[in-house]
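Q: I'll drop the sequence and a predicted model, then ask my questions.
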Amino acid sequence: MLRKDRRKFLKWLTIITIFSSFLIILWMNQENNNNNSFPDKIPDGFGVNVHFNGDPIDVDLIEDAGFKIVRKDLFWDNVEKERGKYDFTKYDQLTNALIKEGIRPYYILAYSNTLYEANRSIVTKEGQEAFARYAEEATSRYKNKGIIWEIWNEPNIGFWEPKPNFNEYSSLVKKVSKVIKENDPSGVVVAPALSGLNEESLKWLEEIFKEGILDYIDAVSVHPYRVSNPETVGKDYQSLRELIDKYTNKEIAIISGEWGYSTAKGWNGLELTEKEQADYLVRMFFVNLLYDVPISIWYDWKNDGIDSNNGEHNFGLREHNVIKPKKGYMAINTLTYILSGYKLNERINIGDPDDYMLEFINENEDKVIVFWTSRNKQKTTLPLRVEGRVVSVLGEEKGYLKNKTTIELSSSPNYLILDN
């Protein structure tokens, strides 16, 4: 090859190499963006909170229910019982079991550790650095799995004692977020797992927003527990979005990281039957979708005890003996079976804000309409004629509607699977 031709060849080879490198970088960035994106198809954003470390029967049943996310505390004091020595054995079991079943882990980095801190909080420089090392160990060990990493749980109430100086918690978030993003680019960073979604809790949240934590997280996680029906959350989400927009121009998602209803007798003044809990569960998931909340975690997987009067013992979708399902389990199983692969397309206006008719659609243009009311049972006139079979919230076939323009709404959601 002539010297002139060789120079021309090397010049083009250099250009091609640079261009190829540029494409690879673009692809990698796109992959990271995909990893950090939030799901939009059912049931990819539906999850459940657990209190176990990977019992095979539980994981199998969770997968059978259709859940795609499992939220669990990754207790610091369980992992580091001696300074500088970390044992993740029990969490390895859970992580491996979840990943095997195609379930995304959602791990809470929590709480304090008496090796470094006197109280259930991080208030010293030594404690903060030690917590960051624990986070570094966890995120390095479980990297590249698309894990949702949550920094603490409900620091606005008793899970952080004494009550936090806003700077202390915010400083921890900033430090730990950097560790997570460096060690696990596939991960999603969320905080603060806010207890309650009301005027008081939003005032607390604004104080940490003032400290600038929105620049360090991918989503704001909240726990919108309430003793009213799930539909009442709409105005609270609106208040939260306005607060987020006040402090950042960044696109910040809202995650419902924990929310459930107990069937305990008289829990917070409520007397919910299993069936009513099941109705609320399904309505909660749908209402969250309606308000652009991409991830919803139900609390709890199974009853934590057998006392029918204890609120904490009765949040589960299954009994304390996990072999026995509650009606809530049947309801989530029905939801994920019927709507797997579907997206929320629109809310159909039927004239009353308390009446809900949501249209879901999949890639094949198949449509399912889910309908209920937050008031008393009633009939409503539809803006369209519908044909298809109706399935109850628990999966029971309720008949076939043909060329109908009226439909009966109740507090229990029904699925209308439309003919093509």
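A: Looks like it arrived, so ask away. Fair warning: this is a prediction, and the values are worked out from it, not measured in the lab. Numbers count the residues shown, from 1 in each chain.

Q: show me where pLDDT drops low in this structure?
A: Scanning the chain for pLDDT under 70 picks out 1-37.

Q: how is it partitioned into domains?
A: What automatic domain parsing lists as the domains of the chain is 37-341, 346-418.

Q: most tightly packed of the ones you listed?
A: The highest average neighbour count among the domains of the chain, using mean count of other C-beta atoms under 10 Å, belongs to domain 37-341 at a mean of 19. For every residue, glycine as well, the C-beta is placed using N, CA and C.

Q: what's the offset of it from the middle of its chain?
A: Here the centre of domain 37-341 is set off from its chain's centre by 7 Å, with C-alpha atoms, centre = their mean, to the nearest Å.

Q: tell me how far the nearest residue to Asp87 once chain neighbours are set aside lies from Asn113.
A: When the adjacent residues along the chain are set aside, Asp87 lies closest to Val79, with 6.2 Å between them (C-beta to C-beta, 6 or more residues apart in numbering). Taking C-beta to C-beta, to the nearest Å as the criterion, Val79 is separated from Asn113 by 9 Å.

Q: between these two, which contacts overlap?
A: Jointly contacting Val79 and Asn113 under the rule C-beta atoms under 8 Å, 6 or more residues apart in numbering are Tyr134.

Q: who touches Leu61 in this structure?
A: If you count contacts by C-beta under 8 Å, 6+ apart, Leu61 has them with Arg318, Val322, Tyr329.

Q: filter the residues you listed down to the ones in strands?
A: In this view, these have no member that belongs to strands under DSSP state E.

Q: what packs against the longest strand that the chain contains?
A: Residue-count comparison of every strand in the chain, with assignments taken from DSSP E, identifies strand 378-392 as the longest. Packed against strand 378-392 by the contact rule (3 or more C-beta pairs under 8 Å, 6 or more residues apart in numbering; DSSP states H and E) you find helix 327-339, strand 355-361, strand 397-409, strand 414-418.

Q: can you rerun that using 10 Å?
A: In this structure, strand 378-392 makes packing contacts with helix 327-339, strand 355-361, strand 367-373, strand 397-409, strand 414-418, judged by 3 or more C-beta pairs under 10 Å, 6 or more residues apart in numbering; DSSP states H and E.

Q: let's have these in TSV, adding distance to Glu150.
A: Supplementary listing: the helices and strands packed on strand 378-392 in TSV, determined by distance: least, C-beta to C-beta, whole Å:
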stretch	distance to Glu150
helix 327-339	22
strand 355-361	28
strand 367-373	29
strand 397-409	37
strand 414-418	32
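
Q: to Asn198, which of these lies closest?
A: Between Asn198 and the helices and strands packed on strand 378-392, the shortest separation by C-beta to C-beta is 23.0 Å, and it involves strand 355-361.

Q: could you check the angle strand 355-361 makes with the longest strand of the chain?
A: Orientation note: strand 378-392 sits at an angle of 40 degrees relative to strand 355-361 (axes from the mean of the first three to the mean of the last three C-alpha atoms, to 10 degrees).

Q: for strand 378-392, output the C-alpha coordinates as CSV.
A: The C-alpha atoms that make up strand 378-392 are tabulated as CSV, following Å, rounded to 0.1, in the frame of the first residue of the first chain:
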residue,chain,number,x,y,z
GLN,A,378,-76.2,2.7,41.1
LYS,A,379,-76.8,2.4,37.3
THR,A,380,-75.3,4.8,34.9
THR,A,381,-75.8,5.6,31.2
LEU,A,382,-72.7,5.0,29.0
PRO,A,383,-71.4,7.3,26.3
LEU,A,384,-70.9,4.2,24.1
ARG,A,385,-72.4,0.8,23.4
VAL,A,386,-70.5,-2.1,24.8
GLU,A,387,-70.3,-5.8,24.2
GLY,A,388,-68.3,-8.3,26.2
ARG,A,389,-68.1,-10.5,29.2
VAL,A,390,-68.0,-9.2,32.8
VAL,A,391,-65.7,-10.6,35.4
SER,A,392,-65.9,-9.7,39.1
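
Q: what strands line up against it, and which way round?
A: Here the strand partners of strand 378-392, with direction, are listed using DSSP bridges: strand 397-409 (antiparallel), strand 414-418 (antiparallel).

Q: so for Asp64, which of the ones you listed sits nearest?
A: strand 414-418 (19.0 Å).

Q: among the helices and strands packed on strand 378-392, which is nearest Gly260?
A: Distances from Gly260 to each of the helices and strands packed on strand 378-392 were compared using C-beta to C-beta; the shortest belongs to helix 327-339, at 9.0 Å.
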